[in-house]
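J.: structure for this input, please:
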Amino acid sequence: MEPDFRRFPGWREVTEAEWADPQWQRAHCVKDARGLRAVVGDLLDEEFYEDWEQDRLHRATMSVLLPPQMINTMAPEASAARPGELTKAFYDDPVRRYMLPVFSDRHPHWPSHPMASRDSLHEQEMWVVEGLTHRYPTKVLAELLSTCPQYCGHCTRMDLVGTSTPQVAKNKLRLKPADRAEQILAHLRASPGIRDVVVSGGDLANMPWPRLERFVDALLGIDSVRDIRLASKGLIGLPQHWNSDAVLRGVERIARKARSRGVRVALHTHANAAQQVTPGVARAAWALLNAGLHDVRNQGVLMRGVNDSAHDLLDLCFALSDHAGITPYYFYMCDMIPNAEHWRVPLHSAQLIQRQIMGYLPGFATPRIVCDVPMAGKRWVDQADAYDRELGVSHWSKSYLTPLEAADPDAHSGSYHYYDPIDTLPLSGQRWWRETRQG
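T.: Predicted coordinates for the structure are as follows:
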């Protein structure tokens, strides 16, 4: 069942038609404490708002932007009949933990790993033109915009996406959208070795559909492109957009042309907890599949306090697959951005969870847990070449070069590193990092 949005005082007069309207959802996003108070009234204690404000001032790398759909998946079972009930349910809720972080969530001694960085995957360093990251031999990432209908606290592109926070002055895309898109397309036309294009941002749910359709239509005119993946967490946070008639008609046009060319067009979304897979999300996902998309897939993030157990992941995967027709695809280990240590999971825990979920789902619907190793790219968690559990340092290799490395004769023999959260290390490892990096 869809959680009852009328359980919140601010939405008691909202109609089903308003709730289903993507423009109503966008117009009523929560951006600050005033907006949240207008929704929940006095059901949340003042301590929660103070905790949230402390995080905004001192830790947050992303601003808050929450569509009503996303808020409605937080604490869906809480009735708030007793004082403090909703407050406790909010603090404990997995969706709230990553979409609406508060100061007390963050690690008090190690909010950031010493090796963390704003663009932790070096995507902007690998731009061949603005917004086009060429990290893999045959695949590219096209970042067409830098905004989303909702902002995730753990965003790997926190350096570029969204509005600035007191901690982070965001970088900006410089080119006009039309010029950026044309430069990306020109590079792809001149690069026949590229066959797979991920179209992302930001979030494509924030891109006017006619502009997105023109870009995808142009991709379909490039003979070498065989796979197109559209990236949108908006399917989870704003399913009303993807279920709208205008968008579905456009998807049908794209899908028809793609089939005629033998090209696969899929949508990739981002759910991290089973409670996010509501009937509204399922309707939108099935509508996209019925409109002709080759697949709808989920790329979640493995996070402490959100989904870091085999039970949590299996619950989510069955909800995605059985109820929404969404294929569980990847769960990324949380990237090493600033102030993300309380979310990150050590490699050995990810390896254990990967083994524990095997055998429950069909092979094609069993997600891979991957570590996106800086400069090395996605690696299955069991592909580490070496792993120092005491210091939490894992070593990885790869068999290809990025354009950034092509002129480096030693790049093929390089070793790439990922680091466990320091608070998960044995005391000797924590002491080493404290003395080495803080001493």
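
J.: how about the nearest residue to Ala310, chain neighbours excluded?
T.: Spatially, and ignoring its direct neighbours in sequence, Ala310 is nearest to Gln356 (3.7 Å; CB to CB, 6 or more residues apart in numbering). All C-beta spots, glycine's among them, are computed from the backbone N, C-alpha and C.

J.: show me which residues of the helix or strand hosting the one you found are buried.
T.: Assigned by DSSP states H and E, Gln356 belongs to helix 347-357. Using 16 or more other CB atoms under 10 Å as the test for burial, helix 347-357 gives 347-354, 357.

J.: show me where the stretch 101-250 of the chain has strands.
T.: Taking DSSP state E, counting those that start in this stretch to define them, one finds strands in the stretch 101-250 of the chain at 127-129, 132-133, 139-143, 196-200, 227-231.

J.: out of those strands, the one nearest Val301 is which?
T.: strand 227-231 (13.5 Å; CB to CB).

J.: off-centre distance for stretch 397-407?
T.: 26 Å (CA atoms, centre = their mean, to the nearest Å).

J.: start and end of that stretch, how far apart?
T.: Stretch 397-407 has an end-to-end distance of 18 Å (CA to CA, to the nearest Å).

J.: now stretch 113-123
T.: 19 Å.

J.: pLDDT of that stretch, averaged?
T.: Stretch 113-123 shows a mean pLDDT of 94.

J.: may I see the buried residues of it?
T.: 113, 116, 119-121, 123.

J.: now stretch 146-160
T.: 146, 148-160.

J.: among those residues, which two are most distant?
T.: Pro149 and Asp159 (19.7 Å).

J.: thinking again about what came up before, got the contact list for the helix holding Gln356?
T.: Here helix 347-357 makes contact (CB atoms under 8 Å, 6 or more residues apart in numbering) with 302, 308-310, 313-314, 317, 333, 366-369, 371, 380-382, 384, 387, 389, 392, 394, 418, 420, 424.

J.: in strands, which of the residues you listed appear?
T.: Counting by DSSP state E, the part of those found in strands is 302, 333, 368-369, 371, 380, 387, 394, 418.

J.: show me which of those residues are buried.
T.: Buried members of those, scored by 16+ other CB under 10 Å, are 302, 333, 369, 371, 387, 394, 418.

J.: next, work out how far apart Thr73 and Glu143 are.
T.: 27 Å (CB to CB, to the nearest Å).

J.: ok, of the buried residues of helix 347-357, which one's closest to Phe48?
T.: Ser349 (28.8 Å).

J.: may I have stretch 294-314 exported as PDB, CA atoms only?
T.: What follows is stretch 294-314, C-alpha atoms only, in PDB (Å, rounded to 0.1, in the frame of the first residue of the first chain):
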ATOM      1  CA  HIS A 294      14.500  -2.400 -22.700                       C
ATOM      2  CA  ASP A 295      14.800  -2.500 -18.900                       C
ATOM      3  CA  VAL A 296      14.500  -0.500 -15.700                       C
ATOM      4  CA  ARG A 297      17.400  -1.200 -13.300                       C
ATOM      5  CA  ASN A 298      18.300  -0.200  -9.800                       C
ATOM      6  CA  GLN A 299      21.800   1.100  -8.700                       C
ATOM      7  CA  GLY A 300      21.700   1.600  -5.000                       C
ATOM      8  CA  VAL A 301      24.400   2.400  -2.500                       C
ATOM      9  CA  LEU A 302      25.400   0.200   0.400                       C
ATOM     10  CA  MET A 303      25.200   2.300   3.500                       C
ATOM     11  CA  ARG A 304      25.500   1.800   7.300                       C
ATOM     12  CA  GLY A 305      22.200   2.300   9.100                       C
ATOM     13  CA  VAL A 306      20.300   2.100   5.800                       C
ATOM     14  CA  ASN A 307      20.700  -1.300   4.100                       C
ATOM     15  CA  ASP A 308      23.900  -2.900   5.400                       C
ATOM     16  CA  SER A 309      22.600  -6.400   5.900                       C
ATOM     17  CA  ALA A 310      21.700  -9.300   3.700                       C
ATOM     18  CA  HIS A 311      18.100  -9.100   5.000                       C
ATOM     19  CA  ASP A 312      17.800  -5.400   4.100                       C
ATOM     20  CA  LEU A 313      19.200  -5.900   0.600                       C
ATOM     21  CA  LEU A 314      17.100  -9.000  -0.100                       C
END
